[in-house]
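Enquirer: Requesting a structural model of the entry that follows:
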Amino acid sequence: MSYIKGYDPDTLREIVDARECRDRLDEIGEQRSLPALLERVWLLKVLDRLEDSLVLSEQSVRVARMAGTRKDLLRARILHASVQQFRGAYAAAEQELTTCAEEAEGQKWHAIAAFAYQHRGKVHYDTGDFDLARADFKRALFLRQEAGAPDDQLESTLLAIDAADRRRMATMATG
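Expert: Numbering: from 1, shown residues only. Predicted coordinates:
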């Protein structure tokens, strides 16, 4: 079940049903498996419980480092960076996402690299660098196509490219 109902065309943030997310959070409870931890991090993030999400994302990175695969660790680090982005820690998020994207591309893990580029594009978008945002979104689109990503992932990336183009044009028109 996807909790994402769409994406805000101006902020690129996920649109979710908060009640469904809270119910799922209650359902997961205090499960300690890595998938449960990662899901809890994301749910807390989209519910704007950023301090709780940050603490749990740091725990998920530790768990992935100790007991997960390299792919698990990259996913946990990308999610942690996305929490940092939501908190406004853009430089830290960008650095972490760059490292993750490079490692994933080096391993030819296209889906994970695309995930990192998509989130790094959102960091650039939030900081007003729409050219860099667009470049990252385009890279994410290419990698998602290479990986055979589902339509909803391709659509979210196309939406992000369109939003970056709109904001870039608006900035040029007023600048």
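
Enquirer: Contact partners for the closest residue to residue 18 other than its chain neighbours?
Expert: Spatial nearest neighbour of residue 18, excluding adjacent residues (CB to CB, 6 or more residues apart in numbering): residue 47 at 6.2 Å. For the C-beta atoms, the positions are set from N, CA and C on the backbone; glycine is no exception. Applying CB atoms under 8 Å, 6 or more residues apart in numbering to residue 47 gives the contacts 16, 18, 21-22, 25.

Enquirer: Which among the residues you listed count as buried?
Expert: Buried subset of these (neighbour count, 16 or more other CB atoms under 10 Å): 16, 21, 25.

Enquirer: which residues in this protein form helices?
Expert: Applying DSSP state H to the chain gives helices spanning 18-28, 34-46, 50-67, 70-86, 90-106, 110-127, 130-147, 151-174.

Enquirer: Any chance of a markdown table for the ones you listed, columns mean pLDDT?
Expert: A markdown table is the format used below for the helices of the chain (pLDDT from 0 to 100):
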| stretch | mean pLDDT |
| --- | --- |
| helix 18-28 | 97 |
| helix 34-46 | 97 |
| helix 50-67 | 97 |
| helix 70-86 | 98 |
| helix 90-106 | 98 |
| helix 110-127 | 98 |
| helix 130-147 | 97 |
| helix 151-174 | 94 |
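
Enquirer: Report the contact partners of the most centrally placed residue in the chain.
Expert: Residue closest to the mean C-alpha point of the chain, counted by CA atoms, centre = their mean, is residue 119 at 4.2 Å. Contacts for residue 119 (CB under 8 Å, 6+ apart) come out as 78, 81-82, 85, 93, 97.

Enquirer: Kindly report the same for residue 53.
Expert: 41-42, 44-45, 83, 86.

Enquirer: can you check residue 86 too?
Expert: Residue 86 makes contact with 45, 50, 53, according to CB under 8 Å, 6+ apart.

Enquirer: ok so, going back, can I get the buried ones among the contacts of residue 47 in JSON lines with distance to residue 146?
Expert: Converted to JSON lines, those look like this (distance: CB to CB, whole Å):
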{"residue": "16", "distance to residue 146": "28"}
{"residue": "21", "distance to residue 146": "31"}
{"residue": "25", "distance to residue 146": "34"}
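
Enquirer: Closest one to residue 162 out of the residues you listed, please.
Expert: residue 16 (20.9 Å; CB to CB).
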